[in-house]
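Q: Generate coordinates for the sequence data below:
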Amino acid sequence: MPRKQWVDFAKVRAALTMPDVLLHYGINHQSNRAQIKVHCPFHEDSTPSCSINLEEHKFKRFGREANGNALDFAILMEGGDTTKHEDRHEAARVAVLEIIGDDLANFGKGEAEDDNPANSGRVKAKPKKTATPKDESVSSASTPAENAVFDRVLKLDHEHSFLAERGIEPDVAEEFGIGYCSKGIMKNRIAFPIHRPSGECVGYVGRWADEEVPEDTVRYAFPKGFHKSLELWNIHRALTLEKKFLVLVEGYWSAIRLHRLGIPVVALMGTSVSEEQAQMIRDLGYKFAILLLDGDDAGRNATKEASFVLSQHVYVRSIALPDGEKPDSVEEGFLSQFT
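A: Residues are numbered from 1 along each chain as shown. Presented below is the predicted three-dimensional model:
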């Protein structure tokens, strides 16, 4: 008889972040501050009485005993008791499935030694986690040699209205693996899978699925600990075209349009080119890089520095788009020079 699989609460706590918990329960906060105060969601208060540390993933309720970590917060939000293991199991299930966006089976273990709340402080080795949304403006102190492989596939809606409004048909969305995510860490976002040149997925970036972005919400959310400077979006598809040149654009929509026209293209996921990205282009055998940044001040201002970084590794050409145009909006005749 197979052993019963128990929830490893240490794994859940390691994967769960306080910003994700607050986002899931609709608690607004100033995302650029580590220490915040909010109105206590567990009782009525006239002034904010719940202190939350977004970096240490802990909370404290002034004048009350209910303090703890992000999982404890989720337990209380689900109406549970942090000292009851059945409530902890239920909150962990919600956290894993809806907040972390994972399968509960990936957070199990063979023995039930953590079933006692008294053992909850015994934390085993922290698992790697690559799929929690993060503001792209925040970076860790050091950059790893590579992003970790993300070995799960999000369930996405390829027929969402936001995609249709941008002219992305369901078959195109499915081809590029993009779609609307209705729950989990990419909730209410259009998710774009990011791949290595070899085709391995290293995570998803989520674009808020509306032009109006709520206050304290980032338009593009990257995985926690993810370094976009190590990746080029669409590179694994561009390689299949077997060209000696590569076109570099800023965004995903532009890359989708150009790729469907048979143009080898990658998205920088911004306006800058990193040393790692330039080296990747060279190491993959490309001889020429063509910068095609947006026809606005940000794109033009970034072109000079991006050209310099690339020129240390490959031949570079920069092409200016008409004012206000992007590669995904410019007339097709302009793009014929790359085909």
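Q: Assign residue 246 to helix, strand or coil.
A: strand (DSSP: H, G, I helix; E, B strand; the rest coil).
Q: any idea what the nearest residue to it once chain neighbours are set aside is structurally, helix, strand or coil?
A: Nearest residue to residue 246, sequence neighbours excluded (CB to CB, 6 or more residues apart in numbering): residue 286, at 4.7 Å. C-beta here means a position set from N, CA and C on the backbone, and glycine is covered the same way. Look at residue 286: counting by three-state DSSP, its state is coil.
Q: Just give me the neighbour total for residue 286.
A: Here the count is done by other CB atoms under 10 Å, and residue 286 has 20 residues near it.
Q: Tell me which residues touch it, please.
A: Residue 286 is in contact with 243, 244, 245, 246, 314, counting by CB atoms under 8 Å, 6 or more residues apart in numbering.
Q: buried subset of these?
A: Buried residues within the contacts of residue 286, counting neighbours by 16 or more other CB atoms under 10 Å: 243, 246, 314.
Q: how close does the residue nearest to residue 246 get to residue 244?
A: Noted for residue 286: a distance of 6 Å to residue 244, by CB to CB, to the nearest Å.
Q: With residue 302 instead?
A: Counting by CB to CB, the gap from residue 302 to residue 244 is 24 Å.
Q: now do residue 56
A: 50 Å.
Q: Kindly report the same for residue 198.
A: From residue 198 to residue 244 the distance is 20 Å (CB to CB).
Q: shaky segments in the stretch 101-250 of the chain?
A: By pLDDT under 70, the low-scoring segments of the stretch 101-250 of the chain are 103-104, 109-144.
Q: any chance of the buried ones among the contacts of residue 286 in JSON lines, plus distance to residue 45?
A: Listed next are the buried ones among the contacts of residue 286 as JSON lines, based on distance: CB to CB, whole Å:
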{"residue": "243", "distance to residue 45": "62"}
{"residue": "246", "distance to residue 45": "56"}
{"residue": "314", "distance to residue 45": "59"}
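Q: Just name the closest of those to residue 332, please.
A: residue 243 (18.9 Å; CB to CB).
Q: what's the closest non-adjacent residue to that closest one?
A: Nearest one to residue 243, counting by CB to CB, 6+ apart, is residue 264 at 4.4 Å.
Q: Residue 317 too?
A: Spatial nearest neighbour of residue 317, excluding adjacent residues (CB to CB, 6+ apart): residue 290 at 5.0 Å.
Q: that's a helix at that neighbour, yeah?
A: No. Counting by three-state DSSP, residue 290 falls outside a helix, being strand.
Q: pretty sure it is touching residue 244, no?
A: No. Judged on CB atoms under 8 Å, residue 290 makes no contact with residue 244 at a distance of 11.3 Å.
Q: looking at this, residue 60 is in a strand?
A: Yes. Assessed by three-state DSSP, residue 60 belongs to a strand.
Q: chain center to stretch 16-33, what's the gap?
A: From the chain centre to the centre of stretch 16-33 is a distance of 15 Å (CA atoms, centre = their mean, to the nearest Å).
Q: Look through the protein and tell me its longest helix.
A: The longest helix of the chain (DSSP state H) is helix 297-311.
Q: who does that helix touch, helix- and strand-wise?
A: With contacts taken as 3 or more CB pairs under 8 Å, 6 or more residues apart in numbering; DSSP states H and E, helix 297-311 sits against helix 275-283, strand 288-291, strand 315-318.
Q: what residues does stretch 255-266 touch?
A: By CB under 8 Å, 6+ apart, stretch 255-266 touches 168, 172, 176, 232-235, 237-239, 241, 243, 245-249, 254, 267, 327-328, 332, 335, 338-339.
Q: do the same with stretch 319-327
A: In contact with stretch 319-327 (CB under 8 Å, 6+ apart) are residues 249-251, 253-255, 257-258, 290-296, 299-300, 303, 330, 334-335.
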